[in-house]
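A.B. asks: Turn this into a structure:
(one chain, ligands or ions: 1)
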Amino acid sequence: MTTPLLTLEGVHTHIGPYHILQGVDLVVPEGGVSVLLGRNGAGKSTTLRTVMGLWTASRGRISFGGREITRLDTPSISRSGIAFVPENMGIFTDLTVAENMTLAASRGGMDPKRLAWIQDLFPPIGTFWNSSAGTLSGGQKQMLAVSRAIIEPRQLILIDEPTKGLAPAIIKSMTDALRQLKETETTILLVEQNFAMASSIGDTVAIMDDGHIVHAGDMAELVADVDLQERLMGLSLEAHQ
Ligand SMILES: Nc1ncnc2c1ncn2[C@@H]1O[C@H](COP(=O)(O)OP(=O)(O)OP(=O)(O)O)[C@@H](O)[C@H]1O
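C.D. replies: Numbering: from 1, shown residues only. Just a heads-up that it's a prediction; the model follows:
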């Protein structure tokens, strides 16, 4: 088994009076794509937000690269090498694509070589460089959100449902780009509801329900095991058959 990059052990998260994560155990190996599947409300976004310190775990332990990050603040977690693309993408629609990218390059200036690589990965970033981000299509906005997250090299990127609401052709471009990103030094933890997309790119998979991980293993095993898919169907795959 590859070395774990990110580990959650018995993580509980409360949001106000609600007990949302109820002992999440999750291992993201270094390299490749780990997919987190689960029906609406299962706790997938809360898991990503808890890793980023946007919610603080009330119990349990989160380690990244062998270092405990459970109670660090979000800027420190981000500086430690984790980028986050939230479901609402977090881009500035009143600013241009160029301004969005400049703001994301927090350590002063964009590396031109890296920017050229990103524009190659996501051609609309170059094409619409001086356009207002608000005028981009849904898929282009999502590409901008991912581009902002990778403007500086990161060891791990957490991406929340990048294909939500996108047309099949755009889902394919996004999947191709993430596949290229996975060939680099970046490990990806992807929350997805689109099982076809998730299974085409994922190396490992974890399935959540009711604030727990109910299955974890290799994606190839889940794809090959129709019985297992059927058992888990009601939990996560129902909308995609
Ligand atoms: N700010 C909040 N206040 C109260 N409850 C919340 C809040 N954010 C999330 N929840 C609740 O936590 C549970 C898990 O939500 P979460 O967004 O993590 O699920 P999810 O698996 O990502 O679902 P989806 O696919 O619909 O985004 C849901 O019941 C949701 O209503």
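A.B. asks: Assumed T175 was part of a helix.
C.D. replies: Yes - read with DSSP: H, G, I helix; E, B strand; the rest coil, T175 is one of the residues of a helix.
A.B. asks: hang on, it packs against S199?
C.D. replies: No - contact status for T175 versus S199: not in contact, 10.8 Å apart, counting by CB atoms under 8 Å. Every residue, glycine included, has its C-beta placed from N, CA and C.
A.B. asks: and the protein, which residues reach the ligand?
C.D. replies: Counting by CB under 6 Å from any ligand atom, the chain comes close to the ligand at 15-16, 18, 20, 38, 40-46.
A.B. asks: For the lowest-mean-pLDDT helix or strand in the chain, list every residue counted as buried.
C.D. replies: Of all helical and strand segments in the chain, the minimum by mean pLDDT, DSSP states H and E falls on helix 226-232, at a mean of 81. For helix 226-232, burial by neighbour count (16 or more other CB atoms under 10 Å) applies to 229, 232.
A.B. asks: Contacts for it next, please.
C.D. replies: Helix 226-232 has contacts (CB atoms under 8 Å, 6 or more residues apart in numbering) with 207, 214-215, 221-223, 237.
A.B. asks: which of the residues you listed sit farthest apart?
C.D. replies: Greatest spacing in the contacts of helix 226-232, by CB to CB: V214 and V223 (17.5 Å).
A.B. asks: Can you report phi and psi for the closest residue to P86 other than its chain neighbours?
C.D. replies: In space, not counting the residues next to it along the chain, P86 is nearest to D160; the distance is 5.5 Å by CB to CB, 6 or more residues apart in numbering. In this entry, D160 is assigned phi and psi values of phi -100, psi 110 (degrees, to the nearest 10).
A.B. asks: so who does D160 touch?
C.D. replies: 44-45, 48, 84-87, 191.
A.B. asks: Q22 contacts D210, correct?
C.D. replies: Yes - assessed by CB under 8 Å, Q22 is found in contact with D210 at 7.0 Å.
A.B. asks: that older thread, just the contacts of helix 226-232: which are in strands?
C.D. replies: Counting by DSSP state E, the contacts of helix 226-232 place 207, 214-215 in strands.
A.B. asks: Would you write a PyMOL line that selects the buried entries of those residues?
C.D. replies: Of the ones in strands among the contacts of helix 226-232, the buried ones can be selected in PyMOL as follows, counting by 16+ other CB under 10 Å:
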select buried, resi 207+215
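A.B. asks: Three-state assignment for the residue nearest to the spatial centre of the chain, please.
C.D. replies: Residue closest to the average C-alpha location in the chain (CA atoms, centre = their mean): I159, at 1.8 Å. Under three-state DSSP, the three-state class of I159 is strand.
A.B. asks: Right, I'll leave it there.
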